[in-house]
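In: The following block contains a protein sequence and its predicted model.
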2 protein chains.
Amino acid sequence: MTAGPRSGPVLVIDIGGTKMAAGVADPGGRLITWTQVPTARDVDAERLWRNLEDLVLEVLSAAKVADPAELSGVGCGCGGPMEWPAGLVSPLNIPAWRRFPLRERLAERFGAGGGHVRVHNDAICVAAGEHWRGAGRGKRNVMGMVVSTGVGGGLILNNRLIDGASGNAGHIGHVVVYPDGPACVCGGRGCLEAIARGPALAEWAQQHGWRPDQPGVTAKDLTADAAQGHEMAVAALRRAGYALGIAVASATSLCDLDVVAVGGGLSQAGSLLFEPLQEALDVHARLDFTRKVRVVPAALGQHAGMVGAAALISAGDRYWTAG
Amino acid sequence: MTAGPRSGPVLVIDIGGTKMAAGVADPGGRLITWTQVPTARDVDAERLWRNLEDLVLEVLSAAKVADPAELSGVGCGCGGPMEWPAGLVSPLNIPAWRRFPLRERLAERFGAGGGHVRVHNDAICVAAGEHWRGAGRGKRNVMGMVVSTGVGGGLILNNRLIDGASGNAGHIGHVVVYPDGPACVCGGRGCLEAIARGPALAEWAQQHGWRPDQPGVTAKDLTADAAQGHEMAVAALRRAGYALGIAVASATSLCDLDVVAVGGGLSQAGSLLFEPLQEALDVHARLDFTRKVRVVPAALGQHAGMVGAAALISAGDRYWTAG
């Protein structure tokens, strides 16, 4: 392989259980174009790959990239777990892919330019994006969080993305907030995710009298009702926000963070989530250095994952440590 | 200043509320000689400095270092908090020093060789020592812990010491384990340290019937009694070990650690502490990557802080990020 054109556009991809997004970014991380489709269910591994292939060809065409060889690299965020940095993915919410060789397939199909093809956890990409071009810009120690169907995150410490032993650093969703709390999908107990993930919120609220007889209501409905002042919907967000604050306090004590950027669908609840979060911080983050942490809404919205995927390529000195 | 002789010996210092230790290390981190004295109480800042000065002159003499100019550098661990990297120290347990310019004073007195003079948190030095020459050797993602009068720690991620925004990363003692738990000296609630620090253990055990009428008994007495099978002493260590396991589970989820090395006086309790620790891990660290973490006793004992102080100088590429 020859080195790709460093000034060329970057193909960026963000794959989750709900949607697959692809875009083309300039070397500064600005999205020239992007699009997304729902992640197909009940399809096999190859069919899902072809869906992604079609999506990518569409954005390359829209960005007037006639040949993948013009790309300077390919960056991709994907739901975990995965074997990293090999990029064999087994996303919890995409049963079709088990040890699917995503990095290798992307390299074969779109790696002709000879630039890097890099796959990392989707929440880690969100954190990288928020640090590079979003709410954590200019700060050296940042945690990015995604509060949605799950609760994920990523760490940038001393201006470098932290991967951990197996590329899994940043799993704030499995920090323990209430040791005797509810069972978590991970098999543990009292994890932040077991309390603050959207479906857990909706379930808790329903058990406490919010829309008790309506199956299929979601955290989005809950947030809408809370904004209208529905007492139990407000209480559910309060419970989640407080749990988030406890976990942020623990992460700040351990990592001495400057900024925590909170994104994901649930962060749209605004002060209904951020106020109880700050209350918990006021109780549990009391050392001088922990009191200085700033918790802010993420700035890049649904683009954060793609911008972070671009960072893996265009700012690899900070956001990629593997070979 | 000229660059110091890189192959010369390193002056190493470890300052805590109970004792002050000093030694001379070779560039590989082996202690040529060392000694310690109790940290004087009820003395003023200058008197305490002179005690340290005398201690250092004693080890320099023992190591046949006739002139501080022969030193390749000075590494020092000191109880926090401190202004880092400036090395203005205000150790919680040493009231005589408030914003004491320790780094500057060490540089004036023993920095004639022109090598680096570096001061960092004592628990961070322990973690660095255990990573460089102890139980974490050869691993890239390590947390070192000190369980003693307080509970402290330090992080090495991707083979580099993590400092955080203000040099305070690694405060595992203030990770929240029971949000409604006992008040902590930091002003928070339910911190690991509020439960697992030696004095808290002894107090809890006394409240539950262990040597109820004996003032002044310590965690050391407790550990001795537990080894003899005293039920409440065993229960107190169990409670502390379990809390340690919860905090280690959270830290592992967040940082994807290979190894956690646990030292400090309380770690001498052995399986009475490590078994409940592992039990809590088995409950709360369930993701594949967190199940892989190994929790081991620290290997360097009371030397860890001095070896880590040597690492700040002799392996500064990994253990010192400030200018």
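Out: That came in fine, so what should we check first? Residues are numbered from 1 along each chain as shown, chains lettered A, B, ... in the order given.
In: CA only for contacts and neighbour counts going forward, please
Out: OK.
In: gap between A:V65 and B:A227?
Out: Distance, A:V65 to B:A227, by CA to CA, to the nearest Å: 72 Å.
In: Please list the residues of the stretch 201-323 of chain A that sit near chain B.
Out: The stretch 201-323 of chain A has residues A:246-247, A:249-251, A:253-258, A:283-287, A:289 near chain B, with proximity defined as CA under 8 Å from any CA of the partner chain.
In: Give the buried subset of those as a PyMOL selection command.
Out: Here is the PyMOL command that selects the buried residues among these (16 or more other CA atoms under 10 Å in any protein chain shown):
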select buried, chain A and resi 246+247+249+250+251+253+254+255+256+257+258+284+285+286+287+289
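In: So which of the residues of the stretch 201-323 of chain A next to chain B sit within helices?
Out: Counted as lying in helices by DSSP state H, out of those, are A:246-247, A:249-251, A:253-255, A:283-284, A:289.
In: Among these, which pair sits farthest apart?
Out: Of all pairs drawn from those, the widest gap by CA to CA lies between A:C255 and A:V283 and measures 18.2 Å.
In: Now do the helices in chain A.
Out: Under DSSP H, chain A gives helices at A:45-62, A:102-110, A:122-133, A:192-196, A:198-207, A:219-227, A:231-255, A:271-284, A:288-291, A:304-314, A:316-319.
In: Okay, A:V142 and A:V126: tell me how far apart.
Out: Look at A:V142 and A:V126: by CA to CA, they are 12 Å apart.
In: Make a markdown table out of the helices of chain A and add mean pLDDT.
Out: Rendered in a markdown table, the data for these read as follows (pLDDT from 0 to 100):
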| stretch | mean pLDDT |
| --- | --- |
| helix A:45-62 | 98 |
| helix A:102-110 | 98 |
| helix A:122-133 | 98 |
| helix A:192-196 | 98 |
| helix A:198-207 | 96 |
| helix A:219-227 | 97 |
| helix A:231-255 | 98 |
| helix A:271-284 | 98 |
| helix A:288-291 | 96 |
| helix A:304-314 | 98 |
| helix A:316-319 | 97 |
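In: of all those helices, which lies closest to A:P81?
Out: When these are ranked by proximity to A:P81, the top entry is helix A:122-133, at 9.9 Å, counting by CA to CA.
In: Break chain A down into its structural domains.
Out: Partitioning chain A according to automatic domain parsing yields domains covering residues A:10-126+A:303-319, A:139-298.
In: Format those domains as JSON lines; extra columns: distance to B:K220.
Out: Listed next are the domains of chain A as JSON lines, based on distance: least, CA to CA, whole Å:
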{"stretch": "domain A:10-126+A:303-319", "distance to B:K220": "44"}
{"stretch": "domain A:139-298", "distance to B:K220": "27"}
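In: Which of these sits closest to B:N51?
Out: domain A:139-298 (29.5 Å).
In: Chain neighbours aside, what residue packs nearest to the most centrally placed residue in chain A?
Out: Closest residue to the average C-alpha location of chain A: A:A123 at 2.5 Å, with CA atoms, centre = their mean. Counting by CA to CA, 6 or more residues apart in numbering or on different chains, A:A123 lies nearest to A:G153, which is 4.9 Å off, once chain neighbours are set aside.
In: so the one you found makes contact with A:H171?
Out: Yes: counting by CA atoms under 8 Å, a contact exists between A:G153 and A:H171, whose distance comes to 5.6 Å.
In: I figured A:R197 hits A:V151, correct?
Out: Yes: in this structure, A:R197 sits in contact with A:V151. The criterion is CA under 8 Å, and the distance is 5.9 Å.
In: Quick check: mean pLDDT of stretch A:139-149?
Out: Mean per-residue pLDDT for stretch A:139-149: 96.
In: What distance separates the opening and closing residues of that stretch?
Out: Using CA to CA, the end-to-end distance of stretch A:139-149 comes to 28 Å.
In: residues making contact with that stretch?
Out: Under the criterion CA atoms under 8 Å, 6 or more residues apart in numbering or on different chains, residues A:123-124, A:126-128, A:130-131, A:136, A:151-160, A:170, A:172, A:196-199, A:255-267, A:298, B:164-165 lie in contact with stretch A:139-149.
In: And for stretch A:239-252?
Out: The list of residues contacting stretch A:239-252 from outside it, by CA under 8 Å, 6+ apart, reads A:172, A:175-177, A:192, A:195-197, A:201, A:257, A:260, A:272-281, A:284-285, A:290, A:293, B:174-176, B:179, B:254.
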